[in-house]
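> Got a sequence here, can you build the structure:
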Amino acid sequence: MSNSIFGIVKNSVLGKRFHNIGYLPRWIIFAIDVFIVLVASIITYLIIYSLSNLRYNYFGMATRYGLIILVNAIFFLVYRTYAGIIRHSTFIDGVKLLISTTTSYIFLLVVNFSCLVFFDKVIFVTTGLFINFVLSFLLLFLFRILIKYVFEKYMHFEDKKKLINAVIYGSDANAISVANALKTETPSRFKLRGFIDKFNQNKTSKSILNLPIFNQNKKIAVILRSLKADALIIAEKSLSKEETIAIVEECLEFNFKVFTVPLIADWEDEKQISTKVKSFEIEDLLDRKPIVLDTRAISTQLDGKTIMITGAAGSIGSEITRQILSFNPKKIIIVDQAETPLHNLSLEIKPFNDKVVLRSVLADIRNREALDMVFAKYNPNVVYHAAAYKHVPLMEENPSQAVFTNVLGTKNLADLSLQYEVECFVMVSTDKAVNPSSVMGASKRIAEKYVQTLNSNLNSDNRAVKTKFITTRFGNVLGSNGSIVPLFSRQIAEGGPLTITHPDIIRYFMTIPEACQLVLEAGAMGKGGEIFIFDMGQPVKIIDLALKMIRLAGFIPYKEIDIKIIGLRPGEKLYEELLNDSSKTLPTHNNKIMIAQEIQEDHASIQTATNALLLHLGKSSNEDIVSAMKKIVPEFKSMNSVFETLDA
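Predicted coordinates for the structure are as follows:
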């Protein structure tokens with residue numbers, strides 16, 4: 001009956017007015033609290049004086065109870081019990097009320113006892129003061145509970161069709177905090193159906209926050225379907241990475257949304273907690289163990305030094321910059337030719353460590369004269385070279401630009417690092433340089449050869465050279481500018497379809513922070529001349545990645561978001577080479593970093609071939625440029641490209 005009445009209210013003009021109801025001014029809350037104390041006083045009078053017929057003539061009834069109300073009002077002001085929003089009352093608000101009414105009670109007891117000592121008379125019946133204290137607190141507390149209940153139960157005017165029916169996985173303190181936060185969230189996103197707990201089998205008939213607890217005696221998908229839920233919120237802090245991934249995989253298989261929330265700190269309030277509840281990201285599905293860095297070695301290399309990062313405005317370069325900040329360098333020089341992204345990065349990182357001098361340099365690594373001025377001005381100790389052209393199909397159409405940036409740019413930086421006696425030069429390369437099938441991969445392999453042989457040439461000449469030349473090589477990075485993930489995210493936002501080049505194509509993936517952590521580690525452990533390769537984990541089928549991203553976004557693959565096969569792009573491989581092939585690598589102290597065993601070549605011949613290649617730029621056809629690249633990298637075999645005929 002009550003539900004139907006409230007339903008009529010919701011749909012009426014009055015209901016619409018309630019929908020737009022604001023927060024009451026604090027003075028009105030204060031006045032209501034004072035009125036509640038007055039009601040408690042009247043009830044106390046009826047209990048004590050009417051029933052027991054006790055009379056005290058020291059003060060009149062109005063004066064006595066006026067004093068009780070005045071004292072309570074004063075302590076309401078002292079403890080600001082009126083400052084909270086009633087509909088969002090929390091445990092803290094209840095504690096404030098308890099402290100305020102208890103202080104008032106103690107104060108009145110002291111006044112009463114003082115009158116007895118000095119005047120041999122009492123103002124109040126002691127029992128009456130206690131009853132008034134209990135009634136005042138209970139009525140004040142119940143008033144807040146009632147308002148909170150009414151708003152939660154009947155005054156939520158969000159469109160129920162837009163609320164996500166969700167079940168929380170877990171029933172520990174972390175899960176309860178999340179549930180509390182979501183129940184008071186404004187505007188609401190979720191309608192909670194209950195909790196799932198696999199650890200305590202005795203909670204079958206119990207509940208938390210008036211929500212039932214279900215044992216995981218069936219598959220999670222079955223439980224969610226029986227509760228007519230749309231999503232699962234993972235809030236159980238004791239779950240391992242493997243258990244979490246298994247739960248997510250099961251939910252995605254049956255098209256249930258998955259949300260996650262990190263561990264809740266004791267000091268966080270409900271608003272902070274609710275903002276942490278976010279959709280499960282594709283990065284979270286990478287089954288990878290945490291990386292343990294040798295921070296001492298990295299700190300020794302970077303602490304108090306001047307560090308230069310090229311391509312600093314890109315996804316890899318910017319993350320390297322952020323991570324270097326924690327190792328207290330003296331100065332960081334961020335170099336890029338992209339004006340706006342470089343400016344944005346400088347604004348972002350300046351507040352993080354004000355002890356580090358930050359300089360933003362707008363320069364093109366292909367311009368040796370401009371780079372020479374940068375080296376002469378700042379004299380860097382360590383250079384991280386992340387600037388590169390990386391989009392495979394685009395470089396197939398513009399091979400001269402791939403050589404200009406990836407080969408000439410790297411050569412300029414390496415030569416200047418040698419000239420200005422840089423301690424360590426770390427080049428960021430790619431797995432596409434292994435048996436390259438594209439212009440981009442071949443250009444990076446030529447750059448690798450130049451850097452590697454430059455170091456070996458220095459050693460063979462027995463010259464006192466400080467510079468260590470190190471190359472790091474890894475695969476696709478989730479979320480980077482060249483990654484498939486941003487493309488899929490954009491296509492999902494546009495309603496699809498997701499475009500995949502081949503149903504069997506696979507790639508290795510790691511996150512941007514992981515890749516940059518390993519770059520720093522490799523740079524610190526390198527002796528010079530090594531090509532470090534990273535453990536990329538298990539290969540991922542791109543079509544599986546697409547299916548998971550669609551489901552994580554809350555859509556049904558092929559029904560709500562389609563997937564379209566468009567064919568391999570120019571220069572694209574179906575399978576990337578395994579980076580952790582034990583027959584081609586040497587281990588290091590970090591099991592995620594290995595050293596590639598590459599055939600050592602003579603620097604003089606590589607330098608001659610590279611210079612000959614650079615002479616073709618701007619003068620020769622694309623075919624001539626690619627032919628010159630294939631002479632330097634004999635294993636370069638063009639695939640899906642107009643340059644395939646050159647392999648004959």
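
> what ranges do the strands span in the stretch 451-600 of the chain?
Secondary structure of the stretch 451-600 of the chain (DSSP state E, counting those that start in this stretch): strands at 468-474, 476-478, 498-500, 506-507, 509-511, 531-534, 540-541, 563-565, 585-587, 593-596.

> Ok, the stretch 301-450 of the chain next?
For the stretch 301-450 of the chain, strands defined by DSSP E, counting those that start in this stretch occupy the ranges 306-310, 331-336, 357-362, 382-385, 424-430.

> how about the shortest one: buried residues?
By that I understand strand 382-385. For strand 382-385, a neighbour-count test (16 or more other C-beta atoms under 10 Å) marks 382-385 as buried. Quick note: C-beta positions are derived from backbone N, CA and C, even for glycine.

> Please apply the same query to stretch 132-143.
For stretch 132-143, burial by neighbour count (16+ other C-beta under 10 Å) applies to 132-133, 135-137, 139-141, 143.

> got it, and stretch 554-573?
Within stretch 554-573, the residues that qualify as buried by neighbour count (16+ other C-beta under 10 Å) are 554-555, 557, 561, 563, 568-573.

> Contacts only, for the closest residue to residue 236 other than its chain neighbours.
Leaving aside its chain neighbours, residue 236 sits nearest to residue 170 (3.0 Å; criterion: C-beta to C-beta, 6 or more residues apart in numbering). Contact analysis of residue 170 by C-beta atoms under 8 Å, 6 or more residues apart in numbering lists 195-197, 234-237, 239.

> Kindly report the same for residue 430.
By C-beta under 8 Å, 6+ apart, the contact list for residue 430 reads 388, 390, 440-441, 444, 473-475.

> I'd like these as TSV, with distance to residue 73 appended.
Below are these laid out as TSV (distance: C-beta to C-beta, whole Å):
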residue	distance to residue 73
388	71
390	69
440	76
441	78
444	76
473	73
474	68
475	69
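
> Looking at those residues, which is nearest residue 585?
Comparing those against residue 585 with C-beta to C-beta places residue 473 closest, at 10.8 Å.

> Near the closest one, how many other residues are there?
Residues within reach of residue 473, counting by other C-beta atoms under 10 Å, total 23.

> circling back: just the buried ones out of the contacts of residue 170, please.
For the contacts of residue 170, a burial check counting by 16+ other C-beta under 10 Å picks out 195-197, 234-236, 239.

> Select from those every entry located in strands.
In this view, those that belong to strands under DSSP state E are 195-197, 234.

> and the buried residues of strand 382-385, which two are the farthest apart?
Pairwise distances across the buried residues of strand 382-385 (C-beta to C-beta) peak at 10.6 Å, for the pair 382 and 385.

> Now the two most distant members of the ones in strands among the buried ones among the contacts of residue 170.
Applying C-beta to C-beta across those, the maximum distance is between 197 and 234, 12.6 Å.

> quick revisit: let me have the strands of the stretch 301-450 of the chain in a markdown table, extended by distance to residue 126.
Formatted as a markdown table, those follow (distance: least, C-beta to C-beta, whole Å):
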| stretch | distance to residue 126 |
| --- | --- |
| strand 306-310 | 74 |
| strand 331-336 | 71 |
| strand 357-362 | 69 |
| strand 382-385 | 77 |
| strand 424-430 | 79 |
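
> so where's the stretch 351-500 of the chain uncertain?
For the stretch 351-500 of the chain, the stretches with pLDDT under 70 are 458-465, 479-482.

> Repeat the analysis, applying 90 as the threshold.
Low-confidence regions of the stretch 351-500 of the chain, defined by pLDDT under 90, span residues 351-356, 390-393, 430-435, 437, 452-467, 473-496.

> mind listing the strands for the stretch 101-250 of the chain?
Using DSSP E, counting those that start in this stretch, strands in the stretch 101-250 of the chain cover 164-169, 190-197, 207-208, 211-215, 231-234.

> tell me the most buried of those?
Neighbour counts (mean count of other C-beta atoms under 10 Å) averaged over each of the strands of the stretch 101-250 of the chain peak at strand 231-234, with a mean of 24.

> and that one, what does it pack onto?
strand 164-169, strand 190-197, helix 241-253, strand 257-260 (3 or more C-beta pairs under 8 Å, 6 or more residues apart in numbering; DSSP states H and E).

> angle of the third one against strand 164-169?
Regarding helix 241-253 and strand 164-169, their directions subtend 150 degrees when assessed with axes from the mean of the first three to the mean of the last three C-alpha atoms, to 10 degrees.

> list the buried ones in helix 241-253?
244-245, 247-248, 250-252.

> residues contacting the closest residue to residue 337 other than its chain neighbours?
Closest residue in space to residue 337, ignoring its immediate chain neighbours: residue 364 at 4.7 Å, by C-beta to C-beta, 6+ apart. Residue 364 makes contact with 337, 370, 409 under the criterion C-beta under 8 Å, 6+ apart.

> which one of these has the most neighbours?
residue 409 (25 neighbours).

> How about that residue, nearest residue that isn't a chain neighbour?
In space, residue 409 is closest to residue 365, 3.6 Å off (C-beta to C-beta, 6+ apart).

> Same check on residue 280?
Closest to residue 280 by C-beta to C-beta, 6+ apart is residue 258, at 4.2 Å.

> Could you double-check that the one you found sits in contact with residue 278?
No - with contact defined as C-beta atoms under 8 Å, residue 258 does not count as touching residue 278 (10.4 Å).

> These two: which is more packed in?
For residue 258 versus residue 278, neighbours defined as other C-beta under 10 Å are more numerous around residue 258 (25 against 10).

> If that one is in a bridge, with which residues?
Beta-bridge partners recorded for residue 258 (DSSP bridges): residue 232.

> where's it relative to residue 643, distance?
44 Å (C-beta to C-beta, to the nearest Å).

> and stretch 169-180, C-alpha only, in PDB?
Output of stretch 169-180 as PDB, limited to C-alpha atoms (Å, rounded to 0.1, in the frame of the first residue of the first chain):
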ATOM      1  CA  TYR A 169      31.700  -9.700  -5.000                       C
ATOM      2  CA  GLY A 170      33.000  -9.900  -1.400                       C
ATOM      3  CA  SER A 171      31.600  -9.300   2.000                       C
ATOM      4  CA  ASP A 172      34.700  -8.000   3.900                       C
ATOM      5  CA  ALA A 173      35.200  -4.500   5.200                       C
ATOM      6  CA  ASN A 174      36.400  -3.300   1.800                       C
ATOM      7  CA  ALA A 175      33.200  -4.600   0.100                       C
ATOM      8  CA  ILE A 176      30.900  -3.100   2.800                       C
ATOM      9  CA  SER A 177      32.600   0.300   2.400                       C
ATOM     10  CA  VAL A 178      32.000   0.200  -1.400                       C
ATOM     11  CA  ALA A 179      28.300  -0.800  -0.800                       C
ATOM     12  CA  ASN A 180      27.800   2.000   1.600                       C
END
